[in-house]
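Colleague: one predicted model, sequence on top.
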Amino acid sequence: MTRFLPHPQLLDSPRHRDWPRYPAPQLPDRPRLPPSGADIVIVGAGPAGLAVAAALWHVGVHDVVIIDRDGEPAARFLDRVDRLGQRVLRSPYEHHPGVEGYRDCELRDFARMHWSHLTSVERREIRMSQAGHRSVVPVDVFDAYCRHTSAIHQVPQRLWRGEVRGIDAGADHATVRGSCQDNGVERDFAIEAGHVVLCQGEERRAAPATWWRGDRPTGVGYWDEPVPADAGRVVVVGAGLTAAHLIHNALDRGARVAWVVREEAERYQCSDVNASFFRAEGRARFDSLARPASWDERLALMGRERRASVMFEFRPLLAAAEEDGRLTVHRGAGIDAVTDNRVRLDDGRPVSGDHVVLALGTLPSIGAGLLPGHVVGARDGWPDLDERTLAYRGAPRVFAAGAAACMVLGPAARNIDGHRVATARIAGSIAAAVREGVGTRA
Ligand SMILES: Cc1cc2nc3c(=O)[nH]c(=O)nc-3n(C[C@H](O)[C@H](O)[C@H](O)COP(=O)(O)OP(=O)(O)OC[C@H]3O[C@@H](n4cnc5c(N)ncnc54)[C@H](O)[C@@H]3O)c2cc1C
């Protein structure tokens, strides 16, 4: 039997290369605030929002306004991976925010078109992908591809930097309220929209309330915050890829690391989700119209099938560090309390360092805070969505893509490939409504 042993050098793609850019549109006369009406408002311009905007473009729905806190496509995603020093995506070339079924350039074609900018390792990965094998995608390629997809579907012309704060969902339209910065002054806007698509992504998961009382202890941070460069001993809590990057970074600059993992052993996998959930047969376990799974069955599947894990490439690095004593792994160790620069394990042992980093993952944003509670219909942290359309059952003009759609599309809804599946469903529903003149301003 052949053993699959990916090499750690795959993790080392260069970042921020001088990449050829599609010319940026000049927008001299564009108003600083979004218009007061649009057929569609998309909240969030991450990979999911980008996928929805591109798909709507192809089905002929062009009166679209996109509102995003950063005002740049995929900015939060790229900011997060860059902060962690993550140089390659975990998902393969086939997973991209482009549109399926249209003659857009797909991620792998895009990478091949830029062959001369790639390293020999990156080129080999493309060949692996062409041969149907697992491959890793450089963040640089994904970043450039998002810009390309954004440019060719005229996203910059329709994207405003701002914060959506509330949505009043009526029977024949929805009003999206929020604010934008205008020359340093915060100004409110209200957009009357035929349909709204929430693509809000996920927020970092906070520590349980029992870990500390009152203010966060000193010397304790989360994964998306800077780790002090002079921390010589770092404690990392969490079992996912984020934890692995934090450990790798700390080891790289000569620190010693204590890693606290709740499970009996860390898990090394290509993805957090079994590959079948990226395919129709896996999704059918959630989504079968013939035999719909009950809520409890889906909840159990979510708990079982989406578990923190680390990309294979890290295994030799972390094993070597553990062997020579630079890394100490506390396996099967829950956290009882977190105090200044230290954690207390549930067996009473203290683990201390100069800095503690909590890498506890993320929680899907499900529209809470924007829509009234009865419309979100939150149950076990998931919204109440119509399985066929991904619209909120309590607000059929408002849709959710991305992680919020997990209880309909399965655990892969959180990933780039899942956004494509959600997008196809949402864009199809909106296009059909717009064709019938429902929710348009024309
Ligand atoms: C470190 C890390 C690495 C990952 N790597 C991969 C990977 O390799 N492959 C993969 O498939 N998945 C990966 N994921 C999962 C990944 O987060 C998603 O695939 C992707 O980012 C989700 O896209 P999204 O558009 O749903 O959310 P996001 O990328 O988070 O985008 C949502 C956007 O909406 C904005 N927003 C939210 N609420 C509002 C509001 N009220 N008003 C205005 N704007 C708002 C946010 O600020 C953000 O800009 C990774 C996640 C992390 C954290």
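Modeller: Nice, I can see it.

Colleague: CA atoms for contacts and neighbours, from now on please.
Modeller: Will do.

Colleague: for the ligand, give me its nearest residue in the stretch 151-300 of the chain.
Modeller: Scanning the stretch 151-300 of the chain for proximity to the ligand using Cα to the nearest ligand atom identifies G201 as nearest, at 3.2 Å.

Colleague: which parts of this protein sit against the ligand?
Modeller: Where the chain comes near the ligand, counting by Cα under 6 Å from any ligand atom, the residues are 43-49, 67-70, 74-77, 80-81, 89-91, 162-165, 199-202, 242, 402, 414-416.

Colleague: how does it look with 5 Å?
Modeller: Remark: the part of the chain in contact with the ligand comprises 44, 46-48, 68-69, 76-77, 81, 89-91, 163-164, 200-201, 402, 415-416, using Cα under 5 Å from any ligand atom.

Colleague: and W19, that's in a strand?
Modeller: No: under DSSP: H, G, I helix; E, B strand; the rest coil, W19 sits outside any strand and is assigned coil.

Colleague: where does the closest residue to it other than its chain neighbours fall, helix, sheet strand or coil?
Modeller: In space, and not counting its chain neighbours, W19 is closest to A144: 7.1 Å by Cα to Cα, 6 or more residues apart in numbering. Each residue gets one of three states, and A144 gets helix by three-state DSSP.

Colleague: shouldn't A144 be in contact with D18?
Modeller: No: counting by Cα atoms under 8 Å, A144 does not reach D18; the two are 10.1 Å apart.

Colleague: hmm, back to that, can you tell me how far the residue nearest to W19 is from D172?
Modeller: As judged by Cα to Cα, to the nearest Å, A144 and D172 stand 38 Å apart.

Colleague: higher neighbour count, those two?
Modeller: A144 (20 against 13; other Cα atoms under 10 Å).

Colleague: okay, the more buried one: pLDDT?
Modeller: Per-residue pLDDT puts A144 at 95.

Colleague: try H355
Modeller: H355 is assigned 98 on the pLDDT scale.

Colleague: cool, and H7?
Modeller: 69.

Colleague: strands of the stretch 251-400 of the chain, residue ranges please.
Modeller: Remark: strands assigned in the stretch 251-400 of the chain by DSSP state E, counting those that start in this stretch are 256-261, 327-331, 335-339, 342-345, 350-352, 355-358, 362-364, 391-392, 395-400.

Colleague: tabulate the ones you listed (JSON lines), appending mean neighbour count and distance to F277.
Modeller: Converted to JSON lines, these look like this (neighbours: other Cα atoms under 10 Å; distance: least, Cα to Cα, whole Å):
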{"stretch": "strand 256-261", "mean neighbour count": "23", "distance to F277": "25"}
{"stretch": "strand 327-331", "mean neighbour count": "18", "distance to F277": "28"}
{"stretch": "strand 335-339", "mean neighbour count": "19", "distance to F277": "31"}
{"stretch": "strand 342-345", "mean neighbour count": "21", "distance to F277": "34"}
{"stretch": "strand 350-352", "mean neighbour count": "17", "distance to F277": "37"}
{"stretch": "strand 355-358", "mean neighbour count": "25", "distance to F277": "28"}
{"stretch": "strand 362-364", "mean neighbour count": "16", "distance to F277": "18"}
{"stretch": "strand 391-392", "mean neighbour count": "24", "distance to F277": "22"}
{"stretch": "strand 395-400", "mean neighbour count": "26", "distance to F277": "19"}
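
Colleague: any chance of the ones you listed in TSV, with distance to P228 too?
Modeller: Shown next, in TSV, are those (distance: least, Cα to Cα, whole Å):
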stretch	distance to P228
strand 256-261	14
strand 327-331	18
strand 335-339	17
strand 342-345	15
strand 350-352	15
strand 355-358	8
strand 362-364	22
strand 391-392	43
strand 395-400	37
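
Colleague: and the residues of the chain next to the ligand, which are buried?
Modeller: Neighbour-count burial (16 or more other Cα atoms under 10 Å) applied to the residues of the chain next to the ligand gives 44, 46-48, 68-69, 76, 81, 89-91, 163-164, 200-201, 402, 415-416.

Colleague: got phi/psi on the residue of the stretch 151-300 of the chain closest to the ligand?
Modeller: Backbone torsions for G201, taken as degrees, to the nearest 10, come to phi 70, psi -150.

Colleague: biggest helix in the protein by residues?
Modeller: Assignment by DSSP state H gives helix 416-435 as the longest helix of the chain.

Colleague: that one vs strand 395-400, what angle?
Modeller: Angle, helix 416-435 to strand 395-400, by axes from the mean of the first three to the mean of the last three Cα atoms, to 10 degrees: 150 degrees.

Colleague: okay, and the helix or strand of this structure with the least pLDDT?
Modeller: Every helix and strand of the chain was ranked by mean pLDDT, DSSP states H and E. The lowest is helix 280-287, at a mean of 81.

Colleague: contact partners of that one?
Modeller: With contact meaning Cα atoms under 8 Å, 6 or more residues apart in numbering, helix 280-287 is reached by S276, F277, P292, A293, R298, E387, M407, V408, L409, G410.

Colleague: for it, which positions count as buried?
Modeller: Buried positions in helix 280-287, judged by neighbour count with 16+ other Cα under 10 Å: G282, R283, A284, R285, F286, D287.

Colleague: and whichever strand in the chain runs longest, what does it pack onto?
Modeller: Criterion DSSP state E: the longest strand present in the chain is strand 185-198. Here strand 185-198 touches strand 37-43, strand 174-182, strand 395-400, going by 3 or more Cα pairs under 8 Å, 6 or more residues apart in numbering; DSSP states H and E.

Colleague: give me the pLDDT value at the residue of the stretch 151-300 of the chain closest to the ligand.
Modeller: Per-residue confidence (pLDDT) for G201: 98.

Colleague: didn't it look like it was pressed against C406?
Modeller: No: counting by Cα under 8 Å, G201 stays clear of C406, with 11.7 Å between them.

Colleague: any regions of the stretch 51-200 of the chain where pLDDT drops low?
Modeller: The stretch 51-200 of the chain contains no residues with pLDDT under 70.

Colleague: quick one, helices of it?
Modeller: Using DSSP state H, counting those that start in this stretch, the helices of the stretch 51-200 of the chain run over residues 75-84, 107-113, 120-130, 139-152.

Colleague: looking at those helices, which is buried most?
Modeller: helix 139-152 (a mean of 21; mean count of other Cα atoms under 10 Å).

Colleague: how big is the angle separating it from helix 120-130?
Modeller: 60 degrees.

Colleague: quick revisit: and the least confident helix or strand of the chain with helix 416-435, angle?
Modeller: 70 degrees.

Colleague: tell me which residues of the longest helix of the chain are tucked away?
Modeller: Residues 416-431, 433-434 are the ones in helix 416-435 that count as buried (16+ other Cα under 10 Å).

Colleague: repeat that for stretch 12-32.
Modeller: S13, R15.

Colleague: ends of that stretch, how far apart?
Modeller: Criterion Cα to Cα; first-to-last residue distance in stretch 12-32 is 40 Å.

Colleague: go on, stretch 355-366?
Modeller: Distance across stretch 355-366, first residue to last, is 32 Å (Cα to Cα).
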